[in-house]
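**Q** I'll drop the sequence and a predicted model, then ask my questions.
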Amino acid sequence: MSEIQNKLQIEKNIRKSRVGVWFKNILRPSLEANKNSCINFEIGCGHGHWLTSYAQENPSQNFVGIDLITKRIEKASSKVVKRKLSNVCFCKADANEFLEFCDINLSNIYIMYPDPWPKKRHFKRRLIQLPFLDQLAQKTQLGGKLYFMTDHVDYFDWSCSMISESIHWNFTEEKWPHQERSYFQNILPTNKFFCALRS
């Protein structure tokens, strides 16, 4: 293993360890307090504006948001404190690493405006891929829903094709579950979304 590969592996192990500590000290006490073993899961939560609003309207449900940017997680967590919410928490984590560690059922998943990686040579970096959908399905309860929103037409079509090819997800007619507008909804003129059912 090269020095660079070794360094990347060490960083990955540190991130996974941090997620494990977060599960133990933050998430599980929250689940126990709300007596609910499932979580609503937002990937790429930004500053947490949308998810904290949704959680505030649904106090009997649990919500988790993840993002890779530390300052975003800090701002999102500050909203939880200000609103005195006990059913929502945020974690700095990569989606694949979070799911790899997660042993809690997901009820619904929300993905809003992920990086579209528009250049063809970068398509492999897009979040919505068949292996990711398989991994997500393993953690999602039957009947759970995946909500996806983007302003990028090509990425929307790509994601729809991935859902169509997946053996675990089927399109279903659903309205967007919470009408509070996210940061990107406010600055982007148009968007498209779908909902897929775990089956």
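**A** Looks like it arrived, so ask away. Small disclaimer: the values here were computed from a predicted structure and weren't measured. Residues are numbered from 1 along each chain as shown.
**Q** use CA for all of it now, contacts and neighbours both
**A** Noted.
**Q** in this protein, which ranges drop under the pLDDT threshold?
**A** 1, 33-36, 181-189 (pLDDT under 70).
**Q** So which elements touch the lengthiest strand in it?
**A** Longest among the strand segments of the chain by residue count, using DSSP state E, is strand 140-150. Using 3 or more Cα pairs under 8 Å, 6 or more residues apart in numbering; DSSP states H and E as the contact test, the elements touching strand 140-150 are strand 105-112, strand 192-198.
**Q** who's in contact with the first one?
**A** It refers to strand 105-112. 37-44, 139-141, 143-150 (Cα atoms under 8 Å, 6 or more residues apart in numbering).
**Q** could you flag which of those are buried?
**A** 38-44, 139-141, 144-150 (16 or more other Cα atoms under 10 Å).
**Q** any idea how far Ser2 is from the most centrally placed residue in the chain?
**A** Nearest to the geometric centre of the chain sits Ile43, at 1.9 Å (Cα atoms, centre = their mean). According to Cα to Cα, to the nearest Å, Ile43 and Ser2 sit 32 Å apart.
**Q** wait, Val88 sits on Thr52?
**A** Yes: assessed by Cα atoms under 8 Å, Val88 is found in contact with Thr52 at 6.8 Å.
**Q** neighbour count winner among those two?
**A** With neighbours defined as other Cα atoms under 10 Å, Val88 and Thr52 compare such that Val88 has more, 30 against 26.
**Q** Including mean neighbour count, could the helices and strands packed on strand 140-150 go into TSV?
**A** What follows is the helices and strands packed on strand 140-150, written out as TSV (neighbours: other Cα atoms under 10 Å):
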stretch	mean neighbour count
strand 105-112	21
strand 192-198	20
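**Q** So which bits of the longest helix seen in the chain are buried?
**A** Criterion DSSP state H: the longest helix present in the chain is helix 3-22. For helix 3-22, burial by neighbour count (16+ other Cα under 10 Å) applies to 15-16, 19-20, 22.
**Q** Please apply the same query to stretch 22-30.
**A** 22-23, 27, 30.
**Q** Looking at the residues you listed, which is nearest Cys102?
**A** Phe23 (8.3 Å; Cα to Cα).
**Q** For burial, what's the neighbour tally of Asp103?
**A** Counted with other Cα under 10 Å, Asp103 comes out at 11.
**Q** Contacts only, for it.
**A** Lys139.
**Q** Likewise for Phe101?
**A** With Cα under 8 Å, 6+ apart, Phe101 has these contacts: 16, 19-20.
**Q** redo that, cut-off 10 Å
**A** Taking Cα atoms under 10 Å, 6 or more residues apart in numbering as the criterion, Phe101 is in contact with 16-17, 19-20, 23.
**Q** between those, which is closest to Ala93?
**A** Val19 (6.9 Å).
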